[in-house]
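J.: Following is a predicted model, sequence given first.
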Amino acid sequence: MIDERRVSPLAHREPLHAGDFAHLAEDAFRGIVMVRAAPIHLAAPLQAVTGRTLPIRAGHADLGRRCAVLWLGPDEWAIMTAPDAAAQITQELSAELTGYHHQIVDVSDYNTVLTLRGSRVRELLAKLITIDLHPRHFARGTGVSTLCGKAQVWLVCREDETSAREPLFEVVVRRSMADYLWCLIADAGREWAMPVQDPIGQVPLHMPV
Amino acid sequence: MFRIRCPYCGERDQIEFGYGGEAHIARPADPDALSDAQWADYVFMRTNTKGLFAERWVHSAGCRRWFNALRDTATDRFVATYVIGEAPPLPVPQLVPGDQAPDPAEAIPEEAAGGGQR
Amino acid sequence: MSRQSARRAQNRLDHGGLVDRTRPISFSFDGKSYQGFAGDTLASALLASGVHHVARSFKYHRPRGFLGAGPEDPGALVRVGSDPATMVVNQRATEVELFDGLEAFPQNCWPSLRLDFGVVNDLMHRFLPAGFYYKTFMGPPGSWMFFEPFIRRAAGLGPAPSAPDPARYEHMNRHCEVLVIGSGPAGLAAAREAARSGARVILAEESAACGGRLLGEAEGDALIEGMAPRAWRGDVLAELAANPEVTLLTRTSASGYYSQNWVTLFENCTDHLPPSEAGHLPRHRLWRVRAAQVVLATGAIERPLVFHGNDRPGVMLASAARTYLHRYGVRAGSNAVIFANNDDAWRSAFDLHDAGAHIAAIIDTRPDPAAAHREAAEAHGIGVRTGATIVATQGRGHIRSIDVAAFDAGGVTGKPERIACDLLCVSGGWSPNVALFSQSGGSLRYDETLAAFVPDEARQEVVAIGACAGDFALAEAVSRGVETGRTAAREAGFVASATDPVAGETRDAALPYRVTPAWELPSNLPKTRIRAFVDYQNDVTAKDLHLAVREGYGAVEHAKRYTTTGMGTDQGKIVGVNAIGVLSGVLDKPIGEIGVTTYRPPWRPISFGAVAGQHVGGLFHPRRTTAMHDWHVENGAVFETVGDWLRARVYPQPGEDFEAALQRECRAARNAVGVLDASTLGKIDIRGKDARSFLNRIYTNAWMKLEPGRCRYGLMTNEDGMVFDDGVTACLADDHFHMTTTTGGAARVLGWLEEYHQTEWPDLEVYMTSVTEQWAVASICGPRAPELAADLFDDIDADPERFPFMSHASGHIDGVPARVFRISFTGEVSYEINVPASYGLWLWRTLMERGKPYGITPYGTEGMHLLRAEKGFIIVGQETDGTLTPVDLGMGWAVKQSADFIGKRSLTRSDTARDDRLQLVGLLTADPGFVIPEGSQIIASGREQSPRTPMIGHVTSSYFSPTLERSIALALIAGGHGRMGERIHVARRGADPVPATITGTDFLAGLKEAS
Ligand SMILES: [Zn+2]
């Protein structure tokens, strides 16, 4: 149960559809935990707490149904999990890492997750992202930190439980830029008739005369 | 736009990186022991090489790691990138004392050159 | 537009070409209606209707027709559309595709295309020589001022649209193994072979249809791999279209070739469509392609010959005449003369003849054209003149006749003979289109046999093939294409599964290419009267190049700029080599020694829209919003941007102006309780056993003794000792800190910490992670803030005695976890309340509701600026500008002596330690009602002297203080700390300086003393 007092960064937006080509939605309130530690110290505790294997190379991610681990740097990972699970993971992992140099920070409220499904999602994202999104180079199980337009994001490609053909793309973005990115992605979907979205940041900067 | 090979993430576009100027300039261990001129040399003076140049980059939009690169400043060709703490994989002029003729007006006595950290 | 009946297309053939005769298209040019067919360009359709004169040249306003048939055409520039927002100017009629309802207009002429007053420039051409513009700069004082308005008006290239562009544009990033540019036979072969390996292939074709010269030539008995060329083309295109790894882009030009095989492709998505059919496509798309291998199959460009009168409408490149014939089914004239220095151009004579035109003459500057051609000409009954040149042409809006004469090295030898014609096909030979190869950094070599520059050494992973490489023969082009396509795929890590042997014979219909250059042809006219154009768009004649050399601009780059050769929108596509040829004659130097001018992107004009892509308007740059944004909007906030953040600046109520709202908000914060959305402050979680020593090296003040539960203000300096950020950091545990930074400095500070940790002190055990947006922050302050806080907190004792200033506590508000910091930026009792950001809006609404009894009033950043100025707190970026030390700011108390920190050593450098540096002080004007404009200069005396009164400082912040009920200001003044109580003056523009007194910066302290 999500506390009704919480408001997600894209609560004011409705999912967008562009035929079968692209669907954009917010997957709000996901639990996200940043972990920094030496991989040699982290691997076993991570396995014990989450059941996931620590990815140790760039672009690699261990994407489970309820819990996913993304490589972000040589001593930096993100754990993405269910809305209510972040606090517990934070607590348990902290306990396991006692005595080792580490940092565990709950950043669930820092970020939100945009999901993209459909047959043209790679093309859509390629309008905003400069890394190679061809399936040979960006297959299911890939997760990277990169730029999407002018927003820094984590981009994850994973199995879509609702489609055997197409993967699911998750774009994790800081909450203050979520609306900008939402509108930018919608614009990239214009080609397939995704509806126009006006950014909420377009407010007057001067005293009305 | 360049492609730069982050030693951790592999090749990415230049827009993901930040530039950090000349590499292999260690912060003096005891700044108070330096003269004003020696300190100013550490803070302000940089070599301006035409050709192979060791410089720092940071993968700001990726893994947020700093690393060093050898770039040919005349052609913008990246010859190598390597992690902080490693020696450059090729000899670079800026690290070879006397290889480049310094401007006599700005030449600093050997013993004063940034605590010998260069 | 006048609706006259569409003109009959008298020059359209009944069959042939790619046009669809079942789909007629109506369009207008210059107000008259015409009809063309689907597949036509504006040029081909106008030519079909007998229209040649469509434009006026840039400088002399001379009539211009169609010299080329594609992007190389220099003169036929038109405006398309009349809507003030969507019209586009300087479009090449040779590239504009017809659609129903297309409206095109001539430009650069007034009052009309036929009667253009700008022609006076032409009559005055002797007074507008090369370098004219530069000479006006150098001339008598004021001459540029005098000429400039005339030049600007006369030299326009069409008006700019006057309304915002409603079109969408887009970037598309793409990686591929093999990028093939150009889809002639060589490009098609290369793309097909590369694609068969499974590699990703992008094939970019500039025009609407693939095929290159295959579409512009008669098929004759030519074969490609045993097939008729167009059938072969169809097969290859079908194979490419069926391959999902192939991206086939038509109407797409490679506009720039940059480092590491990064190539920009400019795609026209909808310009060729009537607006109703554009759908959701962007107008233009800029593809940003990173290719492992690039294959340049960009063909060659035919050049005209340089002779007197070579610029009349009806003068056309020989290859363009064939393109109009074979691609568009248009015979560009019925009585043609062919004038060339090579064998290739003779084809135009035979093809036009076959299409029913009369060929009045073939004139070849060489004594020895191919024997086979001569025989064919005789068989066709075409008169041939060899070793001859055209010495003049006649016809005002369209060529009527030419004068031909024999010539040798000494000049014209025979008596000119007049020949009537309505089309003059010229060819000075072919120049491989090396623009992109040159942009890629590759070097060029002059090939004497081809009389052209060809690619020499490549600097990137790029190969030129076909005519672009100087291989003009079809068989060579195709076999090089096949081989290069395979090699490129292999180099990129792909191997064709089966290497099919090439099926059948490839052979040309044409004779091998032979050329003898003739750069500048003689005339029997007096030298001063000869006007042989080199650059048709910028009106540069051979004479201008002679003048440039005489005036000392003989180097090719100098001559180019002095004469503006090749500097028009056509970027000298057909001009370049001719100009170099002429220079070589003037300087008597071989062409190879003269070299070429630099080729720069873009290869062709591209729209600014495509360059900007989708990053315009509301999507130009992120405007970051806080969790409380909706409330601010609903309550009429006026916003400002701070860094990328949108912050509520002030909340004017109905009837209030900015200043009134500001004063009200500040009074509420001083007298009751104010609330500020402080979510944007940077926040960094810092953890590790060395976190404390790390902070001690980063901040200028001491951190070793800060206890858990306590907070401390800190300053950061660069190694040069100058302040660049400040903020409060809280000790959560002995090895755990919560740092705050300025709003704009958050990313920089985190980067700064990581930089020093990673590059200087990797031995320190410390991790930093941004938590800026994890927390939404509402800061409440004012005398009644403790009461509100007490109401609010579930489990934190809000009493300022027990929850003292500069401490923090964790607890809950209605069960929501909160971190509360007792820190103040206003001088009032404050509580900075942090909750997880998704509760931010709830927290704010809760505060507004529960705060009502205490008179809660939201204040914006302007109020925050004012309140802190009253207290004398600095704002980094407002008081500081990167040249101030902590001591300059009067914050020497925040500089520790106990240990080193970043920038410490710089504080004792002789210049940094001067006591006459700019120092931060307060200012009180003698007139308490006068608010000094921020940024005002400060002078010592009350009277400004001539020539200049020395400036001793400037005002950084200035307000009318509601608390002191008078104006206050912060200022930087030389040696200000030692000048307390001194009277200075604030300079004003156009008014007397205003006197003010130097004070301390804490105006509230002054108030307390007074009370
Ligand atoms: Zn990286």
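T.: Yep, it's here.

J.: contacts, neighbours, all on C-alpha from now
T.: Fine.

J.: What's the local residue count around residue C:965?
T.: Residue C:965 has 10 neighbours, counted by other CA atoms under 10 Å in any protein chain shown.

J.: actually residue C:234, sorry about that
T.: 13.

J.: where's it, which helix or strand?
T.: Here residue C:234, judged by DSSP states H and E, is contained in helix C:229-242.

J.: Just the C-alphas of that helix, formatted as PDB.
T.: Taking Å, rounded to 0.1, in the frame of the first residue of the first chain, the C-alpha atoms of helix C:229-242 are listed here in PDB:
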ATOM      1  CA  PRO C 229      21.500  -0.600 -65.300                       C
ATOM      2  CA  ARG C 230      18.100   0.500 -64.200                       C
ATOM      3  CA  ALA C 231      16.900  -3.100 -63.800                       C
ATOM      4  CA  TRP C 232      20.100  -3.800 -61.800                       C
ATOM      5  CA  ARG C 233      19.400  -0.700 -59.600                       C
ATOM      6  CA  GLY C 234      15.900  -2.000 -59.000                       C
ATOM      7  CA  ASP C 235      17.200  -5.400 -57.900                       C
ATOM      8  CA  VAL C 236      19.700  -3.900 -55.500                       C
ATOM      9  CA  LEU C 237      17.200  -1.500 -54.000                       C
ATOM     10  CA  ALA C 238      14.800  -4.300 -53.400                       C
ATOM     11  CA  GLU C 239      17.500  -6.400 -51.700                       C
ATOM     12  CA  LEU C 240      18.400  -3.500 -49.500                       C
ATOM     13  CA  ALA C 241      14.800  -2.700 -48.600                       C
ATOM     14  CA  ALA C 242      14.200  -6.200 -47.600                       C
END
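
J.: Would you map the strands across the stretch 101-250 of chain C?
T.: Assigned by DSSP state E, counting those that start in this stretch, the stretch 101-250 of chain C shows strands spanning C:102-106, C:169-181, C:201-204, C:246-249.

J.: Name the residues of the biggest helix by length in chain C that come out as buried.
T.: Taking DSSP state H as the criterion, chain C has its longest helix at helix C:474-491. Residues of helix C:474-491 classed as buried: C:474-490 (neighbour count, 16 or more other CA atoms under 10 Å in any protein chain shown).

J.: quick check: domain ranges of chain C?
T.: C:3-115, C:169-300+C:432-491, C:304-428, C:629-677, C:682-770, C:775-865, C:914-1010 (automatic domain parsing).

J.: The ones you listed into TSV, with extra columns for distance to chain A and mean pLDDT?
T.: TSV is the format used below for these (distance: least, CA to the nearest CA, whole Å; pLDDT from 0 to 100):
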stretch	distance to chain A	mean pLDDT
domain C:3-115	20	89
domain C:169-300+C:432-491	4	96
domain C:304-428	31	96
domain C:629-677	5	96
domain C:682-770	6	97
domain C:775-865	5	97
domain C:914-1010	18	92
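
J.: Minimum distance to residue A:153: which of the ones you listed has it?
T.: Taking CA to CA, domain C:682-770 is the member of those nearest to residue A:153, at 14.2 Å.

J.: Figure out how far the closest one is from the centre of its chain.
T.: Computed by CA atoms, centre = their mean, to the nearest Å, the chain-centroid distance of domain C:682-770 equals 39 Å.

J.: And the strands in chain A, which stretches?
T.: Listed in chain order, the strands found in chain A under DSSP state E are A:16-18, A:22-27, A:31-37, A:61-63, A:67-73, A:76-81, A:102-106, A:111-117, A:142-148, A:151-160, A:163-174.
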